[in-house]
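Trainee: My questions are about this predicted structure, shown below with the sequence.
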Amino acid sequence: MQHFPIFLDTAARRVVLCGGGEAALAKLRLLLKSQASLHVFAEDPASEIVTWAEAGLLDLHRRTPSAEDLSGAALVYAAQEDADADARLAGLARAQGVLVNIVDNLEDSDFITPAIVDRDPVTVAIGTEGAAPVLARAIKRDLEERLPQSLGLLARIGKAFRPRAEVLPHGRRRRDFWSDYYFTSGPRAAERSPDLVEMELEALLKRHARVEAQPGHVHFVGAGPGDPDLLTLKARRALDEADVVIHDRLVPKEILELARREAVLVSVGKEGFGPSTPQGEIDALLVEHANSGAQVVRLKSGDPSVFGRLDEELAAVEAAGVAFTIVPGITAASAAAAQIGQSLTARGRNSEMRLLTGHDVKGFAEQEWHALARPGAVAAVYMGKRAARFLQGRLLMHGAVPETPVAIVENASRPDARIVASRLGSLSDDIAAAELSGPAVILLGLAPRAARVALPRFDTVQKEFA
């Protein structure tokens, strides 16, 4: 993020704009929405600027500005549509310690003005670092359609009412009150009549004041394989409402950033053959936060019920009398199969497929090797990189043919995903040669399609068959 988004208080502060043509007009139409004291310097201003000046909306100076004119200004806009003149103004402004924006010159500007959706006092600012103005306009258009005009009315009334709402305890009860107002009761009242909104707010506060604090709750949520777009809607809602998020090591920051800004994030990473948070400590955290009345999201990569120690954590919250919900997620096997363009089951090939772990608490995991070695058998092996030679040896020992296709998918669904196409006879050597550093799923019995799957978001590297 090169440009850090902030909202600058311009009330009664001087904002200087130099220019009188179309570029100046475009900026002024936006600046006139603010409470700034606008000073425009233009020797030949457009008629609209003259009209605004005559109406007292801005101060018009028919000359070029001096250093004294710029001193103490909050912002300066160079909109003269002359590169040399704008550069001179920018130098003058910076000498006075004032931030300057040169219209249509991103590189030489100290700040940029975003596209804005105005529902005063609700303001949505959209910026693309100058990379795609057309995209910013499209987003603005979409938000203009989605955000009702009554939103500004609700926000103004709500802002004035905030001191009254402090009778509710800080935290979830107060958030629930405001959520009810902005998304349910307030819009309904505004549809009937704007005059009813304040009355509805009073009645709503009385209702929420009578409601006892809600007990804590644990949501066991599947974060999916890593692509935020693969989160379920229910998972997104749980993150949006969470007070505490207790998350795995493999959950990417792009998904964690979907949680409320005020939510407490607790990392309880586990790593095979590496440092791990003890399971008992995780169980205790879930119970502790839920008993404090928090809405807790236990965020697990993939699906919580697939090699996620879900039963142990369910037993802990059940024993403590804490209510829980399970929100399934897309498991890594499904994402890996999609990555290589294959189906996990196929008529005439396999009527079952197995999810295996490469190791358990006792070490490398034993399996039903005879069944897995049959022609056409398909299995997805989680946490199998270190167990590759063990898997290879057991399968070959029980009759699997060395030519059995195998696909290894690292970081399935993520931008840095990689595919290694292998065969059972060379599986361990191929994994070692690939130097995989991320989590990988081994798909026994499946090969990547010869025609590459169209995955424009992924930079996939494929090691072709020998």
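Mentor: In hand now; what should we look at? Numbers count the residues shown, from 1 in each chain.
Trainee: from the chain's centre, how far out does stretch 230-245 sit?
Mentor: Counting by Cα atoms, centre = their mean, to the nearest Å, stretch 230-245 is centred 11 Å from the centre of its parent chain.
Trainee: Let's test this: mean pLDDT of that stretch, rounded?
Mentor: Here stretch 230-245 scores 95 as its mean pLDDT.
Trainee: In it, which residues are buried?
Mentor: 230, 231, 232, 235, 238, 239, 241, 242, 243, 244, 245 (16 or more other Cβ atoms under 10 Å). (Glycine included, C-beta is placed from N, CA and C.)
Trainee: quick one: which two of those are the most distant?
Mentor: 230 and 243 (24.6 Å; Cβ to Cβ).
Trainee: Could you list the low-pLDDT ranges of this structure?
Mentor: 213, 270-275, 360-363, 450-466 (pLDDT under 70).
Trainee: Name the residues that touch the longest helix along the chain?
Mentor: Assignment by DSSP state H gives helix 150-165 as the longest helix of the chain. Residues from elsewhere that reach helix 150-165 (Cβ atoms under 8 Å, 6 or more residues apart in numbering): 119-122, 174, 177-178, 181-182, 186-187, 190-191, 194, 197-198, 201, 205.
Trainee: out of these, which are buried?
Mentor: The neighbour-count criterion (16+ other Cβ under 10 Å) marks 119, 122, 174, 177, 178, 181, 186, 190, 197, 201, 205 among the contacts of helix 150-165 as buried.
Trainee: is it true that the fourth one touches residue 206?
Mentor: No: if you go by Cβ atoms under 8 Å, residue 177 and residue 206 don't touch, sitting 10.6 Å apart.
Trainee: Quick check: can you list the domain ranges of the chain?
Mentor: 14-113, 150-210, 217-330, 333-463 (automatic domain parsing).
Trainee: Please convert the ones you listed to TSV, extending it with distance to residue 128.
Mentor: Listed next are the domains of the chain as TSV, based on distance: least, Cβ to Cβ, whole Å:
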stretch	distance to residue 128
domain 14-113	9
domain 150-210	24
domain 217-330	18
domain 333-463	18
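Trainee: closest to residue 2 out of these?
Mentor: That would be domain 14-113 among those, by Cβ to Cβ, at 9.4 Å.
Trainee: Pull the contacting residues for the nearest residue in space to residue 397 that is not next to it in sequence.
Mentor: Closest residue in space to residue 397, ignoring its immediate chain neighbours: residue 369 at 7.3 Å, by Cβ to Cβ, 6 or more residues apart in numbering. Shown in contact with residue 369 (Cβ under 8 Å, 6+ apart): 394, 395, 397, 398.
Trainee: Show me the contact partners of stretch 77-85.
Mentor: Residues from elsewhere that reach stretch 77-85, judged by Cβ under 8 Å, 6+ apart: 15-19, 21-24, 27, 31, 86-87, 89-90, 93, 100-103, 105.
Trainee: Generate a ChimeraX selection restricted to the buried subset of the residues you listed.
Mentor: The buried subset of these, as determined by 16+ other Cβ under 10 Å, is captured in ChimeraX by this line:
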select :15,16,17,18,19,21,23,24,27,31,86,89,90,93,100,101,102,103
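Trainee: Now, the contacts of stretch 77-85 that are in strands?
Mentor: Under the assignment DSSP state E, the contacts of stretch 77-85 contribute 15, 16, 17, 18, 100, 101, 102 to strands.
Trainee: Out of those residues, the closest to residue 278 would be?
Mentor: If you rank these by distance to residue 278 using Cβ to Cβ, residue 101 comes first, at 53.7 Å.
Trainee: That closest one and residue 139: what is the separation?
Mentor: Distance, residue 101 to residue 139, using Cβ to Cβ, to the nearest Å: 21 Å.
Trainee: Residue 95 versus residue 408, what's the distance?
Mentor: Counting by Cβ to Cβ, the gap from residue 408 to residue 95 is 60 Å.
Trainee: If you count surrounding residues, which of these two has more?
Mentor: A direct count of neighbours by other Cβ atoms under 10 Å for residue 408 and residue 95 places residue 408 higher, at 26 against 11.
Trainee: Restricted to strands, list the contacts of helix 150-165.
Mentor: 119, 122.
Trainee: So which of the contacts of helix 150-165 are in helices?
Mentor: Judged by DSSP H, the subset of these located in helices is 174, 177, 178, 186, 187, 190, 191, 197, 198, 201, 205.
Trainee: can you list contacts of stretch 256-276?
Mentor: Contacts of stretch 256-276 (Cβ under 8 Å, 6+ apart): 228, 231, 236, 239-250, 277, 281-282, 285, 289, 297, 299, 359, 383, 386.
Trainee: list the buried ones in it?
Mentor: Buried residues in stretch 256-276 (16+ other Cβ under 10 Å): 256, 258, 259, 263, 265, 266, 268, 270.
Trainee: Just name the closest of these to residue 423, please.
Mentor: residue 270 (31.3 Å).
Trainee: for residue 406, helix, strand, or coil?
Mentor: strand (DSSP: H, G, I helix; E, B strand; the rest coil).
Trainee: Find the nearest non-adjacent residue to it, please.
Mentor: Distances taken as Cβ to Cβ, 6+ apart put residue 422 closest to residue 406, at 4.6 Å, once the chain neighbours are dropped.
Trainee: Helix, strand, or coil at that neighbour?
Mentor: Once three-state DSSP is applied, residue 422 turns out strand.
Trainee: Who are the contact partners of it?
Mentor: Neighbours of residue 422 in contact, by Cβ under 8 Å, 6+ apart: 405, 406, 407, 408, 430, 431, 463.
Trainee: Among those residues, name the buried ones.
Mentor: Counted by 16+ other Cβ under 10 Å, those give 405, 406, 407, 408, 430, 431 as buried.
Trainee: Would you reformat the residues you listed as a markdown table and include distance to residue 110?
Mentor: Compiled in a markdown table, the buried ones among the contacts of residue 422 are given as follows (distance: Cβ to Cβ, whole Å):
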| residue | distance to residue 110 |
| --- | --- |
| 405 | 57 |
| 406 | 55 |
| 407 | 51 |
| 408 | 49 |
| 430 | 52 |
| 431 | 51 |
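Trainee: from those residues, which is closest to residue 337?
Mentor: Ranked by distance to residue 337 (Cβ to Cβ), the buried ones among the contacts of residue 422 are led by residue 407 at 8.6 Å.
Trainee: just so I have it, where are all the strands in the stretch 1-150 of the chain?
Mentor: Secondary structure of the stretch 1-150 of the chain by DSSP state E, counting those that start in this stretch: the strands cover 14-18, 37-41, 59-61, 75-78, 99-102, 115-119, 122-126.
Trainee: Out of these, the one nearest residue 354 is which?
Mentor: strand 122-126 (47.4 Å).
Trainee: Give me the contacts around the closest one.
Mentor: 5, 7, 114-117, 136, 139-140, 143, 147, 151-152, 155.
Trainee: again, but for stretch 381-392
Mentor: Counting by Cβ under 8 Å, 6+ apart, 272-273, 306-307, 332-333, 355-359, 364-365, 424-425, 427-428, 431, 436, 439-444 sit against stretch 381-392.
Trainee: Pull out the buried residues from that stretch.
Mentor: 381, 382, 383, 384, 385, 387, 388, 390, 391, 392.
Trainee: okay, how far is it across stretch 237-252, tip to tip?
Mentor: 18 Å (Cα to Cα, to the nearest Å).
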